[in-house]
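Asks: got a sequence here, can you model it:
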Amino acid sequence: MPTLVLLVIVLLVLVGTTVSGALAYLSYRHPAARDPLLVGLTCMAVLAAVITPIVTR
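Replies: Predicted coordinates:
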């Protein structure tokens, strides 16, 4: 796997983890909106769905 692809994957994971944490914190501060754990896990599942085709290619 080329170095550029690995760099893109690492950056996607870092940004995705940050966004997931921010969404989970936002939903924690406003619990009437959604369950924070569900929001965080959903965001990480979407991140995995985006990264998997890049890694397997």
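
Asks: in terms of secondary structure, what does the lowest-mean-pLDDT helix or strand in the chain contact?
Replies: Lowest mean confidence among the helices and strands of the chain (mean pLDDT, DSSP states H and E): helix 36-56, at a mean of 82. With contacts taken as 3 or more Cβ pairs under 8 Å, 6 or more residues apart in numbering; DSSP states H and E, helix 36-56 sits against helix 3-29. Bear in mind the C-beta positions are built from the backbone N, C-alpha and C, glycine included.

Asks: angle of the helix it packs on against helix 36-56?
Replies: 170 degrees (axes from the mean of the first three to the mean of the last three Cα atoms, to 10 degrees).

Asks: list the buried ones in helix 3-29?
Replies: Neighbour counts using 16 or more other Cβ atoms under 10 Å place 16, 20, 23, 24, 27 of helix 3-29 among the buried residues.

Asks: what's the closest non-adjacent residue to the first one?
Replies: Among residues not flanking residue 16 along the chain, residue 47 sits closest, at 3.7 Å (Cβ to Cβ, 6 or more residues apart in numbering).

Asks: cool, and the third one?
Replies: Once its chain neighbours are removed from consideration, residue 23 has its nearest residue in residue 39; the separation is 5.1 Å (Cβ to Cβ, 6+ apart).

Asks: for residue 23, which residues are in contact?
Replies: Shown in contact with residue 23 (Cβ atoms under 8 Å, 6 or more residues apart in numbering): 39, 40, 43.

Asks: which pLDDT value goes with the residue nearest to the spatial centre of the chain?
Replies: Centroid-nearest residue in the chain: residue 16, 3.3 Å away (criterion: Cα atoms, centre = their mean). Residue 16 is assigned a predicted lDDT (pLDDT) of 84.

Asks: surely it meets residue 40?
Replies: No: if you go by Cβ atoms under 8 Å, residue 16 and residue 40 don't touch, sitting 10.9 Å apart.
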